[in-house]
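> Have a look; sequence and predicted model below, questions after that.
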Amino acid sequence: MYEAKSFTIPALQDISQETINEHLGLYAGYVKHVNHIINSLKDVSDPYAKREMQRRLGFEFGGMKNHEYYFSQFEGGHQDLKAGKLRTMIEKQFGSLEDFIELFKETASTRGVGWAMCYIDRQNDSLVVTWVDEQQLGQLADVDIVLALDMWEHSYMLDYPPSKKQGYIDAFFLNLNWEVVTNRV
């Protein structure tokens, strides 16, 4: 059984407490649904229904895990990216932290619902920035999530209308604890 994690998130700049509270409730729903599907699968005999539940499990599980990455990035409040392995990787691969952030923000501006993600490919020690549709479609294999930005409307609608979602993307970086992100490398 999975349990919803608790996150110690301070007051955020330009992202309201109401948004965070609603968003945390949605995360708890993903955890609840993962457990429900896992518990219910053993009682389903119809192969079609079982396959569809397995498909849905991927969505719910992705939602649960993606949100755990997302919320943990706010714990401890904003921290700048310090010198170290992640900063060196970013500067080597993207030219500068600013260029990396610009690419990530452009990726986050993709139309539709999903996630902007940065992964580390440990096989060749490189970073990969990409878009993930919904919660699970497009997750890369054999890499680890380093940075996750939720771009579903629920993550910003109370504070920003869809036409102004760039304000939310900017606010994300104002509140990001790079130390948490660095520890994933």
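Noted; the coordinates are in hand.
> Can you report phi and psi for the residue most central in space within the chain?
Centroid-nearest residue in the chain, with CA atoms, centre = their mean: residue 148, separated by 3.3 Å. With angles defined as degrees, to the nearest 10, residue 148 sits at phi -130, psi 130.
> repeat for the one 10 residues further on
Residue 158 adopts backbone torsions of phi -70, psi -20, taken as degrees, to the nearest 10.
> so the residue of the chain positioned farthest from its centre, which of the three states?
Taking CA atoms, centre = their mean, the residue of the chain most remote from its mean C-alpha position is residue 45, at 34.3 Å. In three-state terms, and counting by DSSP: H, G, I helix; E, B strand; the rest coil, residue 45 is coil.
> about what we covered before: residues touching the residue nearest to the centre of the chain, list them.
Shown in contact with residue 148 (CB atoms under 8 Å, 6 or more residues apart in numbering): 66, 69-70, 73, 115-118. C-betas here are computed from N, CA, C, even on glycine.
> ok, and the most crowded of these?
In terms of neighbours by other CB atoms under 10 Å, those top out with residue 115 at 29 neighbours.
> Excluding residues flanking it in the chain, which one is nearest that one?
Distances taken as CB to CB, 6 or more residues apart in numbering put residue 132 closest to residue 115, at 4.3 Å, once the chain neighbours are dropped.
> I figured the one you found hits residue 112, correct?
No: using CB atoms under 8 Å as the test, residue 132 is too far from residue 112 to be in contact (10.6 Å).
> More neighbours: those two, which one.
Shown here are residue 132 and residue 112; by other CB under 10 Å, residue 132 has more neighbours (22 against 9).
> Roughly how far does that one sit from residue 17?
Distance of residue 132 to residue 17, given as CB to CB, to the nearest Å: 27 Å.
> any idea how far residue 135 is from residue 3?
Taking CB to CB, one finds residue 3 at 19 Å from residue 135.
> go on, residue 119?
For residue 119, the distance to residue 135 - CB to CB - is 15 Å.
> Same check on residue 63?
Taken as CB to CB, the span from residue 63 to residue 135 is 4 Å.
> again with residue 33
From residue 33 to residue 135 the distance is 11 Å (CB to CB).
> Over to residue 94?
Distance from residue 94 to residue 135, by CB to CB: 26 Å.
> who's more crowded, those two?
Using other CB under 10 Å as the criterion, residue 94 and residue 135 rank with residue 135 on top: 23 against 17.
> could you pull out the helices for the protein?
Taking DSSP state H, the helices of the chain run over residues 17-41, 47-72, 85-94, 97-108, 165-175, 178-182.
> nearest to residue 8, of those?
Minimum separation from residue 8 across the helices of the chain (CB to CB) falls at helix 47-72, 9.6 Å.
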